[in-house]
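J.: Pasted the sequence and its predicted model underneath.
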There are 2 protein chains.
Amino acid sequence: MDRTIGLLGGGQLGQMLCEAANPLGIKVIILDAENSPAKQVNAKNEHINGSFVDEEKILELARKVDVLTVEIEHVNTHVLEKIATEGVEFVGQDGKKAIKTVEVQPSWKTIRTIQDKFLQKKHFIANGVSTVPSKEVESNPGALHAVGLEYGYPFMLKAKKDAYDGRGNFAVKFPHDIPEALEALKGRGLYAEKWANFTMELAVMVVKTEDGTSADGKATVAYPAVETIHEDSICKLVYLPPRRVSKKTQREAQALARKAVGSLWGKGVFGVEMFLMDTGALVVNEIAPRPHNSGHYTIEACPTFSQYKSQLLSILGLMPSFPDSTIPAMFPATIMLNILGGASKDSHKELMARAVATPNAALHMYGKESKPARKIGHITVVANSMSEGEHLIPPLIQLADNMRASRKNLPTSTISPSPTLIPQPLVAVTMGSDSDLPVLKPGLELLTTLGIPFHVTITSAHRTPLRMTEFASSAVANGFKVIIAAAGGAAHLPGMIAASTPLPVIGVPVKGSTLDGMDSLLSIVQMPRGVPVATVAINNSINAALLAARILGASDEVIREKLEKYASDMGEEVVGKAGRLEEVGFKAY
Amino acid sequence: MDRTIGLLGGGQLGQMLCEAANPLGIKVIILDAENSPAKQVNAKNEHINGSFVDEEKILELARKVDVLTVEIEHVNTHVLEKIATEGVEFVGQDGKKAIKTVEVQPSWKTIRTIQDKFLQKKHFIANGVSTVPSKEVESNPGALHAVGLEYGYPFMLKAKKDAYDGRGNFAVKFPHDIPEALEALKGRGLYAEKWANFTMELAVMVVKTEDGTSADGKATVAYPAVETIHEDSICKLVYLPPRRVSKKTQREAQALARKAVGSLWGKGVFGVEMFLMDTGALVVNEIAPRPHNSGHYTIEACPTFSQYKSQLLSILGLMPSFPDSTIPAMFPATIMLNILGGASKDSHKELMARAVATPNAALHMYGKESKPARKIGHITVVANSMSEGEHLIPPLIQLADNMRASRKNLPTSTISPSPTLIPQPLVAVTMGSDSDLPVLKPGLELLTTLGIPFHVTITSAHRTPLRMTEFASSAVANGFKVIIAAAGGAAHLPGMIAASTPLPVIGVPVKGSTLDGMDSLLSIVQMPRGVPVATVAINNSINAALLAARILGASDEVIREKLEKYASDMGEEVVGKAGRLEEVGFKAY
């Protein structure tokens, strides 16, 4: 931790890197223009003013540090290669020249491979990492028409180098777009890419902890998969977890990202952008060899291990190991919204004020002058569920949309007031027939009293078997935590629901006209091994509601406190009655 | 948010304030020595080098800013009073003198009241805030002997002003200590305080959001109560939540802290230190009118609303409102450990390295030169439970203890390796008699397979009624989330346990020698309204274990995924058997 890091580039990524480095006592020296964002938060060190592609300046920086790293991949890799392989010459205090060893992390080879997007693609293919088909193409109409014939339309025409945030890409929709495409990317090395029919863009931040490459992503650690939403080819929103994407796919995305990063050289943090195709397959789009916009959320969601801390510790060889090679998010849901400069210098002030007035939101301004569409900050909203997050974020998005509209001369919309949070129902209550409703009512009233949001419906095991199965199997995805099911007679409903969900199911036996409810009770309680139903007393929906509350209260202190109060009130009521009985005697009572 | 803040003092509190201000785009100008910690992370602004008690420097700062605030209370309040009431004179661009209005937050009146600890006590008493009895005392032996007669020994002798971190306090244990006490506090205004028999020190950070005073803490917002542990009169550890302190007492601490802060003037964040007396009563010890060591944990535990953000927003009048006037912690448990400088300049390096190697720990170094016992940094560990936190923290504490030992020339101890985490048992399993154990065994084996930690015991409703009640009523405090209780015959155990805990209780009816278990089933399931037992089939401990897993899985995705796998394996087994039956026919099967 006593080694000094030299940073090429001092933009917002470098700034947040310094914000992580300062409290760790790690010294970072920055090469970039005077007063660049990173320098604003790091006044301790002798930074270098200049360009991060200037060979002399890079050598000057190298002489001062032990490890060189980047916050942008558009750097001079030839200098980095020379420094990494030959060291850097300096004049010692004795006036003699000497050579100093300086590490470059991640490796210049990785940066060079990534700088050329077509070389990057070839690297993925050579390493068995799924990616979208692509081919090198000459910058002439004939070559592009040939691509059109092979890939069909639309296809993507891309510059190999210096392309980011959509710059350097051209979507060729029809053959007649070809001249415009060639004009837009004139004079640049090109490649063509098959059109990717993706349903969602995902991203995973991966930390590489060892220098060597591996085929299976060994010596890598992954953050969770996130959903990214782009607008005008710039990242706009990041959702953690990705919405309506199975856990299995999220894990596959982490595995693919780890495999891709494992194939590269050197240590550090990498942002892996992926497409989730309409076939369900995952392919890597591209990799950034540095902290990434899609990982900003880690500052709040992983409060002891952000992507910036991981970048620092991995390049210094200090990264601890994590169970399952994953760094978990500490919140069920996080949404990040970028702030892009508006039409005027102050267009973003209203959005900033709104973010500050939102208790669950963290605002990050980068100290950059606002210019239209420039990334000048971001907002991270943390929430206890995605539905809560999706209720908190719209006013912020709307303000961002209005900034975009005014900078593009589009009509703006009026900002709606803060949305009222519609609470996510936690308990699903269902019954075999509406004739069971009177039995359930006292329980529903108790849930209301306890302030536990619930959803009531009817699903008959025998009359609507498919509806019942669908209800049960989608209960987790619908955000329910507990199910209450009431049924009478040959009471199959609770057990059948329990057979189609991993959630706890509470069964309420309803007393029928014969057998005093014993038929219902035994039908519900005597489930075979493997499929439990939490059975309560016959007709006792109050106890079903209380049991649901106890289940929620096992992990929710607020609910547990309400239950404690309920129990003490109940006790007091009995004591009160006892007092009255003792006072007035059993005859007058 | 465009108003500039002027900060008197640039130590670590000012540094963390700037770390919060930068991303909010809030400009802070600092008055303190060159290269002080706060200035190291804030290179944007024209800070002032000098002392925060120097009138001229304070006026110079005031001319540059809109709001003045402090990170230390030992400032010149006479200048602050003048600035707040008369404004500050400046020479305009036209060469003419003019007066500029500058807010002082919190009010100079508050800072002045707090600077004099005896004035502070009188203020508490006048405002009905409980505190330890104290009285002004002359600096002579006769006066102190009189105090000894009145308060008894030991009692505390304290300097009214410039006292912090134990400096300025003297514990008078016997009459013969009096000369030494007078010598130690010679030349200072003194007061004596009755000895406080406290069992724990608590602290609450409170945000005051309006200028006026209130008797009931209106217009204040409280962070959670924490336990603070002092050593050598300096804060060493902070535990959130306080250990073995009831929720009720924690809420009372918040209410008392809000009342105390509500009685003061101006806006800002306040650290309220309290004693929890051996009588169970809470009394205020003292208040800091600024961010406080006991609130460092908020950086990680309240990741979108630290005490520093609250300080900035409250003094700018931008604090949003919070439900129940409380800012909740986002983690079940957080422990903060201060790093005090060791015997040599590098004594803390080992502790830093250990913190960095702990995934759940955040390290905060202040960029200060290390001197023995100087606060140079802190570590915050976040955990999913206090027991997890208490397993992670000991190696860090031990390293800190060794630093203390070497700086005090005490023997050091060898550092034990990182402790293996003993998982917190989540399920408590109990039975009426050891004869029920064979019935429970399959369920216990399943819990083991599912990787769910549990604790097994015997508690008979009829033979150990007290033990049973104690077991049930301490289950929440012991960290259990679900209870499984098995019993046969007149099976009272599950219901009686449910009567003494708010946790979900699963009842397993055990089949006896008569009635085929129907006696047990009805004794367990037919509970009266108000006290539910989740009853499973007779002798079916597998289903009890699965139900416990489903209850835990309602809020734990990892467990839920294991249950999904269990269900699909079970399905496959049946399909396999079906295949074999169809293949070999029913006779050969």
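T.: Thanks, I have it.
J.: Quick check, the residue in the stretch 301-450 of chain A closest to chain B?
T.: The minimum distance from the stretch 301-450 of chain A to chain B, using C-beta to the nearest C-beta, falls at A:M365 (3.8 Å). C-beta here means a position set from N, CA and C on the backbone, and glycine is covered the same way.
J.: Go ahead and confirm that residue touches A:M352.
T.: Yes. Checked against C-beta atoms under 8 Å, the pair A:M365 and A:M352 is within contact range at 6.9 Å.
J.: Name the residues contacting each of those two.
T.: Shared contacts of A:M365 and A:M352, defined by C-beta atoms under 8 Å, 6 or more residues apart in numbering or on different chains, are found at A:I339, A:G377, B:L24, B:G25.
J.: Okay, and which of those residues map to strands?
T.: Secondary structure of the shared contacts of A:M365 and A:M352 is defined by DSSP state E; positions in strands are A:I339, A:G377.
J.: which pair in the shared contacts of A:M365 and A:M352 spans the largest distance?
T.: A:I339 and B:L24 (12.4 Å; C-beta to C-beta).
J.: Need the overlap of contacts for these two.
T.: Taking C-beta under 8 Å, 6+ apart as the criterion, A:I339 and B:L24 both touch A:M352, A:M365.
J.: Show me chain A divided up by domain.
T.: With automatic domain parsing serving as the domain definition, the record reports that chain A contains domains spanning A:5-104, A:133-194, A:198-407, A:427-555, A:564-589.
J.: And the fourth one, how far out from the chain middle?
T.: Average the C-alpha atoms of domain A:427-555, do the same for its chain, and the two points are 34 Å apart (C-alpha atoms, centre = their mean, to the nearest Å).
J.: How about the first one?
T.: Domain A:5-104 sits 31 Å away from the centroid of its parent chain (C-alpha atoms, centre = their mean).
J.: Over to the last one?
T.: What separates the centre of domain A:564-589 from the centre of its chain is 54 Å, taken as C-alpha atoms, centre = their mean.
J.: Just the buried residues of it, please?
T.: Within domain A:564-589, the residues that qualify as buried are A:Y566, A:A567, counting by 16 or more other C-beta atoms under 10 Å in any protein chain shown.
J.: Which strands and helices lie in contact with the longest helix along chain A?
T.: When every helix of chain A is counted residue by residue (DSSP state H), the longest turns out to be helix A:557-588. In terms of contacts (3 or more C-beta pairs under 8 Å, 6 or more residues apart in numbering or on different chains; DSSP states H and E), helix A:557-588 is packed against helix A:437-450, helix A:541-553.
J.: Could you identify which of those is most buried?
T.: Mean neighbour count, computed with mean count of other C-beta atoms under 10 Å in any protein chain shown, is highest for helix A:541-553 among these, reaching a mean of 28.
J.: Can you list the helices and strands that the lowest-mean-pLDDT helix or strand in chain A packs against?
T.: In chain A, no helix or strand scores lower on mean pLDDT, DSSP states H and E than helix A:386-392, which sits at a mean of 84. Helix A:386-392 makes packing contacts with strand A:333-340, strand A:375-383 when contacts are defined by 3+ C-beta pairs under 8 Å, 6+ apart.
J.: Turn these into JSON lines, columns for mean pLDDT and mean neighbour count.
T.: Rendered in JSON lines, the data for those read as follows (pLDDT from 0 to 100; neighbours: other C-beta atoms under 10 Å in any protein chain shown):
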{"stretch": "strand A:333-340", "mean pLDDT": "96", "mean neighbour count": "24"}
{"stretch": "strand A:375-383", "mean pLDDT": "96", "mean neighbour count": "24"}
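J.: would you turn the ones you listed into CSV with distance to chain B?
T.: Supplementary listing: those in CSV, determined by distance: least, C-beta to the nearest C-beta, whole Å:
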stretch, distance to chain B
strand A:333-340, 10
strand A:375-383, 6
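J.: Need those strands in TSV (columns: distance to B:E252).
T.: As requested, these are arranged in TSV below (distance: least, C-beta to C-beta, whole Å):
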stretch	distance to B:E252
strand A:333-340	33
strand A:375-383	29
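J.: Which stretches in the stretch 401-550 of chain A count as strands?
T.: According to DSSP state E, counting those that start in this stretch, the stretch 401-550 of chain A carries its strands in the segments A:427-431, A:454-458, A:482-488, A:505-510, A:534-535.
J.: Perfect, that will be all.
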